[in-house]
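# need coordinates for the below:
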Amino acid sequence: MTVSHRFVVVVALFVTCLITANIIIAKQISIGGIILPAAIIIFPLSYIIGDVLTEVYGYQQVRRVIWLGFLCNLIAVLAIWIGKLLPPAPVFEAQAAYERILGSTPRFLLASFVAYLAGEFANSFVLARMKIMTEGRWLWTRTIGSTLVGQGVDTLIVLIIAFVGVLPLSVLGIMILSHWLVKSAYEVIATPLTYVVVGYLKRKEGVDVYDYGIDFNPLRVI
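Got it, this is the predicted structure:
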């Protein structure tokens, strides 16, 4: 498939949402009494964009994009880590703040990376399979259905790895449920916009991929 400028733009938006979410995740916000990471304002967009990419371009293209996002996020994490290790200039008085906000613990980084890969691949796989099952009809069922699965996998993994043994199981359970519901609600609200973007790309690109007979192995990127 020839790579179009529209595809490049959508991929760039996907990677930007991912990296931005991982930078602002350190701040906790309160919405309706529910404590959530600030990343909630943008991270669900990566799933919506992932839905658009899978629906239009197919699982094989999205598989490459997911691994590209992983690589870009890894580069960002390494750069931030090296920046933390380098000695601060005498005029820089915010070293402690830099380390506190951007210095994620190895445990949380592991949780974030594993959850991202598992959640994004689950989301894309479910949407691709549902597209075949529905013969391309009822887009809303697969965007919402795949997000329920993908965000569920992501939320479950990241919070269990990050907080099991740190928080009581009852608190952890409520946190998992609330995060999953908020992220899924994001997809439901954005469904009309998803229809518009998908319809636009299919018309302009002249492509509407159905993933018949492909290898869904997430490790096969070539």
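# and the spatially most central residue of the chain, how far from V149?
The structure's the chain has its C-alpha centroid closest to S46; by C-alpha atoms, centre = their mean the separation is 4.3 Å. Separation of S46 from V149 (C-beta to C-beta, to the nearest Å): 15 Å. All C-beta spots, glycine's among them, are computed from the backbone N, C-alpha and C.
# excluding its backbone neighbours, what's nearest the residue nearest to the centre of the chain?
Excluding its sequence neighbours, the residue lying closest to S46 (C-beta to C-beta, 6 or more residues apart in numbering) is C17, at 4.4 Å.
# do you know the pLDDT at that neighbour?
pLDDT, C17: 93.
# repeat for the one 10 residues further on
As summarised for this prediction, K27 has a pLDDT of 84.
# number of nearby residues for it?
When neighbours are counted by other C-beta atoms under 10 Å, K27 registers 11.
# I'd say it and P37 touch.
Yes - K27 is in contact with P37 according to C-beta atoms under 8 Å; the separation is 7.1 Å.
# which helix in this protein runs the most residues?
Identified as the longest helix of the chain according to DSSP state H is helix 169-205.
# sketch out the low-pLDDT regions of the protein for me.
1-2, 105, 222 (pLDDT under 70).
# how about the helices in it?
Applying DSSP H to the chain gives helices spanning 5-24, 43-57, 59-85, 95-102, 106-133, 139-163, 169-205.
# chain center to the longest helix of the chain, what's the gap?
10 Å (C-alpha atoms, centre = their mean, to the nearest Å).
# and stretch 22-41, by the same measure?
For stretch 22-41, the distance to the chain centre is 15 Å (C-alpha atoms, centre = their mean).
# what sits against G152?
Counting by C-beta atoms under 8 Å, 6 or more residues apart in numbering, G152 makes contact with 180, 184.
# repeat that for 10 Å
By C-beta atoms under 10 Å, 6 or more residues apart in numbering, the contact set of G152 is 119, 122-123, 176-177, 179-180, 183-184.
# for ChimeraX, what selects the buried ones among the residues you listed?
In ChimeraX, this line selects whichever of the contacts of G152 come out buried by 16 or more other C-beta atoms under 10 Å:
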select :119,122,123,176,179,180,183,184
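# in a markdown table, list the contacts of G152 along with distance to L156.
Formatted as a markdown table, the contacts of G152 follow (distance: C-beta to C-beta, whole Å):
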| residue | distance to L156 |
| --- | --- |
| G119 | 9 |
| A122 | 11 |
| N123 | 13 |
| I176 | 6 |
| L177 | 10 |
| H179 | 9 |
| W180 | 8 |
| K183 | 12 |
| S184 | 13 |
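# apart from its chain neighbours, what residue comes closest to I34?
In space, I34 is closest to S178, 5.0 Å off (C-beta to C-beta, 6+ apart).
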